[in-house]
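Engineer: Predicted structure and sequence below. I'll ask about it afterward.
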Amino acid sequence: MGERMAVRKTYKLYVDGGFPRSESGRTFPFVSDDGSEVVQISRASRKDLRMAVRAARGALAGWRGRSGYNRGQILYRVAEMVEDRAATFAAQLELGGSSVSGARAEVAEAADLLVWYAGWCDKYVQVIGNMNPVAGPFFNISVPEPVGVVGMAAPSAPVLRGLVAGLAPVISSGNTAVVVAAPAQPMVAITLAEALATADVPAGVVNILTGFPEELAPWMAGHMDVNAVDLSGVHPEALSDLEEAASHNLKRTGRWESPDANLYRISAFTEIKTVWHPKGR
Amino acid sequence: MVEERVASLATRSIKREAKMWALRTAISMTDLTTLEGMDTKEKVRQLCHKAIRPDPTDASIPSVAAVCVYPNLVGTAAEVLGGSSVKVAAVSTYFPSGQAPLDLKVAETGRVVADGADEVDMVIDRGAFLAGDYVKVFAEVAAIREAAGDACLKVILETGELGSYDNVRRASMLAMAAGADFIKTSTGKVSPAATPAVTLVMLESIRDFHRNTGRAVGMKPAGGIGSAKQAIRWLVLLNETLGVEWMTPRLFRFGASSLLNDLLMQIRWLETERYQSPDYFTKA
């Protein structure tokens, strides 16, 4: 018997719980920092984006209908799955140029962020919501609710922590997400997709596309069935055009420089609902 | 054979300008339908307003061909649609089963026409057809033809219950010979409803009937056509089988409820190059 043939992984998209190739059949190369590794990555098209939004819309009612407690359990499970794949993540981050210790630290920080947001799932309503004082015999209660389908352009650095810092707050409140991964290190995003797929996150709640934000973000920002966009990963010069496109259905837009834990990244993708209830005398 | 032909026609790529034409034509061919036990006058009124002006933000969108309702709601539909180009279509003959004595079916048909129906959608007696009693089926269609007077008569074959393409062709010929103005695939209450293959068999029957008699009969696929993409495939089938003379609401209809909004969404997508959301279209 001769030398064993290598079994190499094909990196594909993550849409509706499955791992399809791009409908366009296109790929783009990832070249490692030192030039030693070249991997072909699926390059999503606007039609893949359309399918991803459809999947996210379909998954929304079920996901937002779950109890916050249950969403928290599932986010914690994602943290477990990330921890379990720590070596894979670290190796991929190193291919992108991270130091060994830096890569390990980033994986740990990503898992910790997931745990932090897992805790918020059944608490953000109490903290962001409010009982308002009104002149009359009423309870006046404001509660935050998920806005719906959230599109996201993930930042390129730190790639894993930045992706988790954007995604976790979006889904913790009950939104569903369509993520355009940063093209610089796309394998990390697909490994995260594998963690999500094995962590009881229902199909369609998170959809991850690899490809080019400059190609996909305009379709995402203009999509009338997307309710909000996180533009943290797009080039600053593209912002004004994307925000203009997002305005057609009054999408929420947001952009964050820091990948730190931040309660306001949850509230940014919620809508406040205020109800009046008779109090009696 | 039929399936292969249908599959090869389904791969046609329709380009932008032709697609826009097809979408607008499909709207003008739609019989906007509500046939539910829970239908109310209010729902039918709402549907009729939508039929006249499918997109309140765009007056260039044509009205649909007809609104199709149960006999009890014909008067309501006629009230709203009076003076518009939209026809009132009523299902009749104890839709959807057709399991009632002929005199009752004739009476029902006379009643819906008197109440203001311009078009009558009748069902054939599938029990009699499958038992081989073609004479009975023919006689019933002929009797309803007479009872419907000047109204346009559409004959529903309920192809999902007929069992074979041969039977579909036989029932098509029978209905046309007995005086149908349209032949229609399905009630929408049985699955499978309108499949492309069954439609092709019926279109070919219409073609042959036209060759033999010179009479042009219309075609109405109904049930399960929910997307603009499907509708365009149907138009390709129509154009390839019967030609452009049949590409008119006078000779081709879609029986559908959710199709209209998808057609509107696709038109707006072509116009704006922004993917659309059902949130921004009125409910049918």
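Structural biologist: Noted; the coordinates are in hand.

Engineer: Give me the number of neighbouring residues for residue A:202.
Structural biologist: 15 (other CB atoms under 10 Å in any protein chain shown). C-beta here means a position set from N, CA and C on the backbone, and glycine is covered the same way.

Engineer: where do the strands sit along chain B?
Structural biologist: B:30-33, B:66-69, B:87-91, B:119-123, B:152-156, B:182-184, B:218-220, B:254-256 (DSSP state E).

Engineer: what's the answer for chain A, then?
Structural biologist: A:27-31, A:38-42, A:130-132, A:138-146, A:149-153, A:176-180, A:206-209, A:228-230, A:252-254, A:270-278.

Engineer: so what's the backbone phi/psi at the residue in chain B that chain A sits nearest to?
Structural biologist: Closest to chain A within chain B is residue B:277: 3.5 Å, counting by CB to the nearest CB. Main-chain dihedrals, residue B:277, degrees, to the nearest 10: phi -130, psi 140.

Engineer: Would you mind listing what in chain A touches chain B?
Structural biologist: A:50, A:53, A:219, A:222-225, A:245, A:248-249 (CB under 8 Å from any CB of the partner chain).

Engineer: Just the buried residues out of those residues, in ChimeraX syntax.
Structural biologist: Buried residues among these (16 or more other CB atoms under 10 Å in any protein chain shown), as a ChimeraX selection:
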select /A:50,53,219,222,223,224,225,245,249
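
Engineer: Which of the residues of chain A next to chain B sits closest to residue B:52?
Structural biologist: For the residues of chain A next to chain B, the closest approach to residue B:52 (CB to CB) belongs to residue A:224, at 24.8 Å.

Engineer: and the residue nearest to the closest one when sequence neighbours are not counted, how many neighbours?
Structural biologist: Of all residues not flanking residue A:224 in the chain, residue B:277 sits nearest, at 4.0 Å (CB to CB, 6 or more residues apart in numbering or on different chains). Residues within reach of residue B:277, counting by other CB under 10 Å, total 18.

Engineer: Over to residue B:154?
Structural biologist: Around residue B:154 there are 29 residues (other CB under 10 Å).

Engineer: which residues does residue B:198 contact?
Structural biologist: B:159, B:165, B:168, B:185, B:192 (CB atoms under 8 Å, 6 or more residues apart in numbering or on different chains).

Engineer: Against chain B, how distant is residue A:61?
Structural biologist: 14 Å (CB to the nearest CB, to the nearest Å).

Engineer: Mind checking the strands of chain B for the one nearest to residue A:9?
Structural biologist: strand B:254-256 (44.8 Å).

Engineer: outside of that closest one, which residues touch it?
Structural biologist: Residues contacting strand B:254-256 (CB under 8 Å, 6+ apart): B:26, B:29-33, B:68, B:121, B:184, B:186, B:188, B:194, B:220-223, B:225-226, B:231, B:234.

Engineer: ditto for stretch B:56-66
Structural biologist: Contacts for stretch B:56-66 (CB under 8 Å, 6+ apart): B:24, B:27-32, B:51-55, B:84-89, B:118-119, B:249, B:253, B:260, B:264, B:267, B:282.

Engineer: just stretch A:91-101 next, same as before
Structural biologist: A:32-33, A:37, A:90, A:102-103, A:106-107, A:159-160, A:184-185, A:187-188, A:191.

Engineer: which one among those residues gets closest to chain B?
Structural biologist: Of those, the one sitting nearest to chain B (CB to the nearest CB) turns out to be residue A:184, at 26.8 Å.

Engineer: Flag the shaky bits of the stretch 151-281 of chain A, pLDDT-wise.
Structural biologist: Low-confidence segments of the stretch 151-281 of chain A, defined by pLDDT under 70: A:281.

Engineer: Excluding residues flanking it in the chain, which one is nearest the residue of it found nearest chain B?
Structural biologist: The nearest approach of the stretch 151-281 of chain A to chain B comes at residue A:225, 3.5 Å away (CB to the nearest CB). Nearest-residue entry for residue A:225: residue B:277, 3.5 Å, with adjacent residues in sequence omitted and distances by CB to CB, 6+ apart.

Engineer: for chain B, which spans come out with low pLDDT?
Structural biologist: B:284.

Engineer: Any chance you could note which residues of it sit beside chain A?
Structural biologist: So chain B meets chain A at B:273-280 (CB under 8 Å from any CB).

Engineer: Of those residues, select the buried ones using a ChimeraX command.
Structural biologist: Buried residues among the residues of chain B next to chain A (16+ other CB under 10 Å), as a ChimeraX selection:
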select /B:274,275,276,277
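
Engineer: Tell me where the stretch 51-200 of chain A has helices.
Structural biologist: Under the criterion DSSP state H, counting those that start in this stretch, helices of the stretch 51-200 of chain A are mapped to A:68-84, A:86-95, A:100-120, A:124-128, A:159-172, A:186-197.

Engineer: Show me the longest helix that occurs in chain B.
Structural biologist: helix B:196-213 (DSSP state H).

Engineer: how much space between the residue of the stretch 51-200 of chain A at minimum distance from chain B and residue A:223?
Structural biologist: Nearest to chain B in the stretch 51-200 of chain A, going by CB to the nearest CB, is residue A:53, at a distance of 7.0 Å. Note on residue A:53: its distance to residue A:223, by CB to CB, to the nearest Å, is 6 Å.

Engineer: so what sits against both of the two?
Structural biologist: Going by CB under 8 Å, 6+ apart, residues that sit against residue A:53 and also against residue A:223 are A:151, B:275.

Engineer: What segments of chain B are helices?
Structural biologist: B:2-9, B:16-28, B:41-52, B:74-81, B:102-115, B:126-130, B:134-148, B:165-177, B:196-213, B:228-241, B:259-272.

Engineer: Verify the contact between residue A:181 and residue A:206 for me.
Structural biologist: No - with contact defined as CB atoms under 8 Å, residue A:181 does not reach residue A:206; the gap is 11.4 Å.

Engineer: circling back: filter the contacts of strand B:254-256 down to the buried ones, ChimeraX style.
Structural biologist: Remark: buried members of the contacts of strand B:254-256, expressed as a ChimeraX selection using 16+ other CB under 10 Å:
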select /B:26,29,30,31,32,33,68,121,184,186,188,194,220,221,222,223,225,231,234
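
Engineer: Can you get me a residue count around residue 8?
Structural biologist: Here I'm looking at chain A. 8.

Engineer: um, chain B though
Structural biologist: 10.

Engineer: returning to that earlier point: the helices of chain B: which one's closest to residue A:78?
Structural biologist: Between those, helix B:259-272 lies closest to residue A:78; by CB to CB that is 34.3 Å.

Engineer: next one: that closest one to chain centre, how far?
Structural biologist: 20 Å (CA atoms, centre = their mean, to the nearest Å).

Engineer: what's next to that helix, contact-wise?
Structural biologist: B:16, B:19-20, B:23-24, B:26-27, B:30, B:32, B:50, B:54-55, B:61, B:64, B:225-228, B:230-231, B:274-276, B:278, B:281, B:284.

Engineer: dump the residue contacts of the spatially most central residue of chain A.
Structural biologist: Nearest to the mean C-alpha position of chain A, counting by CA atoms, centre = their mean, stands residue A:167 at 2.9 Å. Neighbouring residues of residue A:167 by CB under 8 Å, 6+ apart: A:152, A:154, A:177, A:179, A:206.

Engineer: contacting residues for the last one?
Structural biologist: It stands for residue A:206. Contacts of residue A:206 (CB under 8 Å, 6+ apart): A:14, A:167, A:171, A:176-177, A:179, A:193, A:196.

Engineer: Is there a neighbour count for residue 217? I'd like the number.
Structural biologist: In the absence of a named chain, this looks at chain A. Around residue A:217 there are 26 residues (other CB under 10 Å).

Engineer: actually chain B
Structural biologist: 24.

Engineer: Count the neighbours of residue 113 for me.
Structural biologist: With no chain named, the answer covers chain A. 25.

Engineer: To clarify, I was referring to chain B.
Structural biologist: Residue B:113 has 21 nearby residues by other CB under 10 Å.

Engineer: what sits against residue A:134?
Structural biologist: Residue A:134 neighbours (CB under 8 Å, 6+ apart): A:140, A:276.
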